[in-house]
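A.B. asks: Need coordinates for the below:
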Amino acid sequence: MKLLSLKSCVLAAVAAVGFAAQGEVKVVRVVPNGEAGENPDGASWATAYGDIKTAYESLGADGGEVWIKKGLHILSNAVEMAANIGVYGGFAGTETSRAAADPKNNMTLITGDQELND
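C.D. replies: Down below sits the predicted model:
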């Protein structure tokens with residue numbers, strides 16, 4: 001099984017440093033597949049999206065940040081990265097600031113292997 005860890009793999013969008021300094025940044029949250037509630041909007045951990053692609057696309061042209069809760073996340077489709085969207089893992093699912101993320105203790109794994117057999 002091939003897994004990407006946000007702890008050891010920096011996604012291209014994270015290289016977009018500086019866009020956060022321009023004002024309020026919209027944040028959407030993602031929980032592992034199957035943990036999302038009925039009407040997810042990503043505005044809080046309680047209403048987090050259940051997949052990274054939907055969360056990412058919800059930010060639109062204005063950009064922002066995607067905070068990803070610890071656990072295994074299976075991508076159903078490719079996510080086209082944008083320079084104005086930061087992607088961060090290492091969250092326990094209670095944090096209210098990006099600085100509170102702890103990637104060492106909250107391992108975030110992302111895979112595109114739907115069958116978990118590669």
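A.B. asks: alpha carbons only for contacts and neighbour counts from here, please
C.D. replies: Noted.
A.B. asks: Could you pull up the residues touching the residue nearest the centre of the chain?
C.D. replies: Central residue of the chain (C-alpha atoms, centre = their mean): residue 68, 3.4 Å from the mean position. Counting by C-alpha atoms under 8 Å, 6 or more residues apart in numbering, residue 68 touches 29-31, 52, 87-91, 108.
A.B. asks: closest to residue 100 among those residues?
C.D. replies: residue 91 (7.7 Å; C-alpha to C-alpha).
A.B. asks: re the thing from before, so which strand or helix has the residue nearest to the centre of the chain?
C.D. replies: strand 64-69 (DSSP states H and E).
A.B. asks: Repeat that for residue 109.
C.D. replies: Per DSSP H and E: strand 108-111 holds residue 109.
A.B. asks: Does anything pack onto that strand? Which helices or strands?
C.D. replies: Counting contacts by 3 or more C-alpha pairs under 8 Å, 6 or more residues apart in numbering; DSSP states H and E, strand 108-111 is packed against strand 4-5, strand 71-74, strand 85-91.
A.B. asks: quick one: strands adjacent to the second one?
C.D. replies: Read it as strand 71-74. strand 108-111 (parallel) (DSSP bridges).
A.B. asks: Please save the CA atoms from the strand it pairs with in CSV.
C.D. replies: Coordinates of each C-alpha in strand 108-111 appear next as CSV, following Å, rounded to 0.1, in the frame of the first residue of the first chain:
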residue,chain,number,x,y,z
THR,A,108,-2.3,12.1,8.6
LEU,A,109,-2.1,9.6,5.7
ILE,A,110,-3.4,10.1,2.2
THR,A,111,-3.6,7.5,-0.5
